[in-house]
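Asks: sharing a model prediction with you, sequence too.
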Amino acid sequence: MAKIEKNVPTMEKEPELLNVLEVDGVPLPVLSKEWWDKICNFQAKPDDLILATYPKSGTHWMQEILDMIQNNGDVEKCKTDHSLHRHPFLELKFPHKEKPDLEIALEMSSPRLIKTHLPSHLIPPSIWKENCKIVYVARNPKDCLVSYYHFHRMASFLPDLQNLEEFYEKFILGKVLYGSWFDHVKGWWAAKDTHRILYLFYEDIKKNPKHEIHKVLEFLDKTVSEDVVNKIVHHTSFDVMKDNPMANHTAVPSHIFNHSISKFMRKGMPGDWKNHFTVAMNENFDKHYEKKMARSTLNFCPDI
């Protein structure tokens, strides 16, 4: 059973919009201890498909790919509702929604696509018990950090941060929502050896989306024509998604996601960290990375 240590006070932002519960040392945006118990007791189904990521690692992108696959490349079916409404998060309650995503998931018919940012050791036990298929996407930590920082700037329900340097320090120490990036990617990397997990990399999808989509299709035991694969590649490209109001989050109320501060779909290009990190920040990050990842077989591309 996960240890719930304390309710962590949020940083200078409307408390009714953000509640942080520390579970096993991991800060989570969970409504309450009682709600965490409901998450832990979530009853998975064998045909559930779980999309797991650390925040800002390609969740939204992979959701669109999986949605297109499930709908056999039918673009219009993937535009029936805003992406935040099509597939729920296990643990989140968005301020503009009437009820938590968990309740939405419980009301969904099968097969369900359910998203989560939870680290592997905090995943509801029923997901392992039912042997659900899980797609995990990992992203280079430097780009992840920069993207996460800009998301904090535009998402009103997240803590205010003074600057990138402040967020950089918190990210390295794992003092951000969902905790340490290092622990997250390593935990899921280890879990793939004993569970049905397809572990993908953001940079690989960017470099060769068709190849990675074929990996997903094989993992899901799904067969579609090459024309459908090409359609999925096109529909889920950054430029097309950025112009799709059902995918770019512009349909979310502006007091929740303020696109005048930063776009939700900002750049999507590996290597953007080079435009934000100072030489000192980069050298310090590399030293920390070497220490935290010393015994891991994981390798990440700094760009493509």
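Replies: Okay, I see it.
Asks: okay, residue 123: pLDDT?
Replies: Looking at residue 123, its pLDDT reads 97.
Asks: oh sorry, the question was meant for residue 251
Replies: Reported pLDDT for residue 251: 62.
Asks: same check on residue 295?
Replies: Residue 295 is given a pLDDT of 88.
Asks: with residue 282 instead?
Replies: As predicted, residue 282 sits at a pLDDT of 95.
Asks: again, but for residue 8
Replies: 41.
Asks: just residue 55 next, same as before
Replies: As predicted, residue 55 sits at a pLDDT of 95.
Asks: quick one: which helix or strand includes it?
Replies: In this assignment (DSSP states H and E), residue 55 forms part of neither any helix nor any strand.
Asks: how close does it get to residue 295?
Replies: 25 Å (Cβ to Cβ, to the nearest Å). Just so you know, the C-beta spots here come from the backbone N, C-alpha and C atoms, and that holds for glycine as well.
Asks: kindly report the same for residue 270.
Replies: For residue 270, the distance to residue 295 equals 25 Å [Cβ to Cβ].
Asks: and the two? Which one has more around it.
Replies: Counted by other Cβ atoms under 10 Å, residue 270 and residue 295 do not tie: residue 270 has more neighbours, with 21 against 6.
Asks: wait, residue 237 touches residue 210, no?
Replies: No. With contact defined as Cβ atoms under 8 Å, residue 237 does not reach residue 210; the gap is 11.2 Å.
Asks: more neighbours: those two, which one.
Replies: Applying other Cβ under 10 Å to residue 237 and residue 210 shows that residue 237 carries more neighbours, namely 15 against 12.
Asks: check contacts around the nearest residue to that one once chain neighbours are set aside.
Replies: Spatially, and ignoring its direct neighbours in sequence, residue 237 is nearest to residue 209 (7.5 Å; Cβ to Cβ, 6 or more residues apart in numbering). Residue 209 makes contact with 233, 236, 237, according to Cβ atoms under 8 Å, 6 or more residues apart in numbering.
Asks: where does the last one land on pLDDT?
Replies: Which is residue 237. In this prediction, residue 237 has a pLDDT value of 86.
Asks: any weak-confidence spans in the chain?
Replies: Within the chain, the ranges that satisfy pLDDT under 70 run 1-18, 78-85, 95-97, 156, 244-268, 302-304.
Asks: all helices of it, in order?
Replies: 33-40, 59-70, 83-86, 101-107, 125-129, 141-154, 164-173, 181-191, 202-207, 209-219, 226-235, 238-242, 279-292 (DSSP state H).
Asks: nearest to residue 92, out of these?
Replies: helix 101-107 (5.1 Å; Cβ to Cβ).
Asks: could you dump stretch 107-121 to PDB, C-alpha only?
Replies: Written as PDB, here are the backbone C-alpha positions of stretch 107-121 (Å, rounded to 0.1, in the frame of the first residue of the first chain):
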ATOM      1  CA  GLU A 107     -18.800   5.200 -17.300                       C
ATOM      2  CA  MET A 108     -17.000   4.400 -20.600                       C
ATOM      3  CA  SER A 109     -17.800   1.400 -22.700                       C
ATOM      4  CA  SER A 110     -15.100  -1.000 -23.700                       C
ATOM      5  CA  PRO A 111     -12.500  -1.000 -25.100                       C
ATOM      6  CA  ARG A 112     -11.200   2.000 -23.100                       C
ATOM      7  CA  LEU A 113      -8.200   4.100 -23.700                       C
ATOM      8  CA  ILE A 114      -7.100   5.500 -20.400                       C
ATOM      9  CA  LYS A 115      -4.100   7.900 -19.700                       C
ATOM     10  CA  THR A 116      -2.000   8.400 -16.700                       C
ATOM     11  CA  HIS A 117       1.200  10.200 -15.600                       C
ATOM     12  CA  LEU A 118       1.500   7.900 -12.500                       C
ATOM     13  CA  PRO A 119       4.900   6.300 -11.900                       C
ATOM     14  CA  SER A 120       4.800   2.500 -12.300                       C
ATOM     15  CA  HIS A 121       4.800   1.700  -8.600                       C
END
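Asks: all good on my end, thank you.
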